[in-house]
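*Asks:* Here's my sequence, what's the structure:
(chains A and B)
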Amino acid sequence: MDKNLQTIVQKLEKEYGATVSEARGEVSVTVPAEKVVAACELVQGHGFELMSTMTAVDYWPQENPRFHVVYQFTSVSQNLRLEMRVPVAGTNPSLPTISHIYRNANWRERELWDMFGIRFEGHPDPRRLLLPADWEGHPLRKDYPLGYEEPQFTFNYEEIDLRKPYAKE
Amino acid sequence: MGVEEKLANMGVVTTTLEKAVAWSREKAMWPMLFGLACCAIEMMAAQASHYDMSRFGMELMRPSPRQSDLMIVAGRVSRKMAPVLRRLYDQMPEPKWVIAMGDCASCGGVFNNYAILQGVDEVVPVDVYVAGCPPRPEALIDGIVTLYEKVRGMKFAPEKK
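*Replies:* Below is the predicted model:
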């Protein structure tokens, strides 16, 4: 592990109860949900100027924690990368926002609300990002139906044709 | 040696009003620009000099629905785009036609999922479906010529319903 990275990882371990894992030089820290804002501030204070991405993983049917929210930080000046994972419970999932620390988290958090239904407390504009405003459900959840439609072949052509919702003039 | 030929020699053409109207509709059909995905590239190729759709009176792609007769839906329509598509269709003046270009616009194509409309005929009435992924420019032109045959046989506007 890089020396600079080591100091910040040790701080995260000591002050925020983070657990650290490393695979092929990629460092990942798991931080509890209530410490996420302070941890992000600490990470930014140590020269990680960029939050390169933020996403989530659904571990359904596992319920607690059901989601992992994954933050990827990059330090351009020190050529370092750091992954931060935050476990979130399945019922009424929510996290504090970090959009005041990293500005690009604004849309990322909206996307996570849109796709996974994870609420970000204190977000300045908590609307859906990609889907229509009246959409029901959160499609990247593992228990969301795929919306599959049966293909039309010669043997079932008419049967499907009858119930297809054709548009009126 | 009918009366038409004699009149033609005199520089006069006889026809019915209905035929004349259908002819004028057919020979200057202005499509609306509605490229949504990769099919739009083939649509552009069909208009460019190599395939030259202006041979069929379609050289003008209108950026405004108010000025267009034909909507070529080229590409997949997401459920978020569907109300926009319907609104543009409603803004087009009568008579109007729709070509669903490609598999995605016709039936959803390979995108059999929650986000993509399973055929644009759920939102607007489609006159001609062009198969292919994407269809070659020849296929699109063939679809347009098929539509012309339909237009040629059309009675006056109210009967379209």
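*Asks:* Check which element follows the strand or helix carrying A:V37 along the chain.
*Replies:* Counting by DSSP states H and E, the element that carries A:V37 is helix A:36-45. On the C-terminal side of helix A:36-45, the closest following helix or strand by DSSP H and E is strand A:50-58.
*Asks:* in chain A, what residue is nearest chain B?
*Replies:* A:G147 (3.2 Å; Cβ to the nearest Cβ). C-beta: built from backbone N, CA, C; applies to glycine.
*Asks:* so what's that residue scoring on pLDDT?
*Replies:* The model reports A:G147 with a pLDDT of 72.
*Asks:* likewise A:H46?
*Replies:* 89.
*Asks:* ok, now A:Y102?
*Replies:* pLDDT for A:Y102: 92.
*Asks:* Just give the closest residue to it, not the sequence neighbours.
*Replies:* Spatially, and ignoring its direct neighbours in sequence, A:Y102 is nearest to A:M51 (4.1 Å; Cβ to Cβ, 6 or more residues apart in numbering or on different chains).
*Asks:* for the one you found, what are its contacts?
*Replies:* Going by Cβ atoms under 8 Å, 6 or more residues apart in numbering or on different chains, A:M51 touches A:Y71, A:Q72, A:F73, A:T74, A:I98, A:Y102, A:N104, A:A105, A:R108.
*Asks:* what's the pLDDT at the most centrally placed residue in chain B?
*Replies:* What sits nearest the mean C-alpha location of chain B, by Cα atoms, centre = their mean, is B:L70, with 4.1 Å. B:L70 carries a pLDDT score of 90 in this model.
*Asks:* any idea how far it lies from chain A?
*Replies:* To chain A, B:L70 is 16 Å away according to Cβ to the nearest Cβ, to the nearest Å.
*Asks:* measure the spatially closest residue to that residue that is not a sequence neighbour to B:C104 for me?
*Replies:* Nearest-residue entry for B:L70: B:P31, 4.4 Å, with adjacent residues in sequence omitted and distances by Cβ to Cβ, 6+ apart. Here B:P31 is placed at a distance of 18 Å from B:C104 (Cβ to Cβ, to the nearest Å).
*Asks:* More neighbours: which of those two?
*Replies:* Set side by side, B:P31 and B:C104 show unequal neighbour counts under other Cβ atoms under 10 Å in any protein chain shown, the larger going to B:C104 at 27 against 22.
*Asks:* so who does the more buried one touch?
*Replies:* B:C104 touches B:A37, B:C39, B:G75, B:R76, B:V77, B:V110, B:F111, B:I116, B:C133, counting by Cβ under 8 Å, 6+ apart.
*Asks:* For the residue in chain B that chain A sits nearest to, which residues are in contact?
*Replies:* The minimum distance from chain B to chain A, using Cβ to the nearest Cβ, falls at B:Y114 (3.2 Å). Counting by Cβ under 8 Å, 6+ apart, B:Y114 makes contact with A:P139, A:Y144, A:P145, A:L146, A:G147, B:R79.
*Asks:* okay, those residues in a markdown table with secondary structure, neighbour count and distance to B:M92 next?
*Replies:* Compiled in a markdown table, the contacts of B:Y114 are given as follows (DSSP: H, G, I helix; E, B strand; the rest coil; neighbours: other Cβ atoms under 10 Å in any protein chain shown; distance: Cβ to Cβ, whole Å):
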| residue | secondary structure | neighbour count | distance to B:M92 |
| --- | --- | --- | --- |
| A:P139 | coil | 19 | 32 |
| A:Y144 | coil | 16 | 36 |
| A:P145 | coil | 8 | 35 |
| A:L146 | coil | 9 | 34 |
| A:G147 | coil | 13 | 29 |
| B:R79 | coil | 17 | 22 |
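*Asks:* Reformat these as TSV; add distance to A:G47.
*Replies:* Converted to TSV, the contacts of B:Y114 look like this (distance: Cβ to Cβ, whole Å):
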residue	distance to A:G47
A:P139	37
A:Y144	39
A:P145	44
A:L146	43
A:G147	44
B:R79	43
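*Asks:* on that earlier part again, hang on, the residue of chain A closest to chain B packs against B:N113?
*Replies:* Yes: between A:G147 and B:N113 a contact is recorded at 5.6 Å, counting by Cβ atoms under 8 Å.
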